[in-house]
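In: The sequence and its predicted three-dimensional model are supplied below.
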Amino acid sequence: MLRSITTKIPHSRLLAGLTIGGTTTGYAYSYYQSEPGHGFRRQTHFWTQILPVVFDYYWRTSSKSPYITYIRGPYESKTERNAVLSQLHEKHAPTILHAMLDLKGLYIKLGQVLSVTAL
């Protein structure tokens, strides 16, 4: 498989792509470890905790998710969907609270705004 890929791409292009990819990765890691990269670290920490929550909400409630489309089928009523949403809220509320309290500052303000917003 690798041989077929390398034969289709000229070696100079492959070498250039690997060099650029390696340099970019090295730069991102060094920035992540530096003091100016503190904000990047905070964002990475936030999204690694919140993205699984967002995916779970999408997977279980969105009419376009593969789970709803192919496995479960659409909800029969709004009360059935609201029951699933309540279960998800109970399951993920501690994770979101912990992430926002851990990161402080703007994330706490975001939590305050989301708590009073009717979505």
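Out: It's in. The structure presented is a predicted model; accordingly, all values stated were derived computationally and were not measured.

In: The residue nearest the centre of the chain and L18, how far apart?
Out: When Cα atoms, centre = their mean is applied to the chain, the residue found nearest the centroid is L51 (2.9 Å). When Cβ to Cβ, to the nearest Å is the yardstick, L51 and L18 sit 28 Å from each other. Any C-beta I mention is one placed from the backbone N, CA and C, and that applies to glycine too.

In: And the strands in this structure?
Out: The residue ranges that make up strands in the chain, judged by DSSP state E, are empty, as it has none.

In: where do the helices sit along it?
Out: Assigned by DSSP state H, the chain shows helices spanning 2-8, 11-33, 38-61, 66, 78-103, 106-116.

In: Compute the first-to-last residue distance for stretch 62-78.
Out: Using Cα to Cα, to the nearest Å, the span of stretch 62-78 from its first residue to its last is 13 Å.

In: Could I get the buried residue list for that stretch?
Out: Judged by neighbour count (16 or more other Cβ atoms under 10 Å), stretch 62-78 contains these buried residues: S65, I68.
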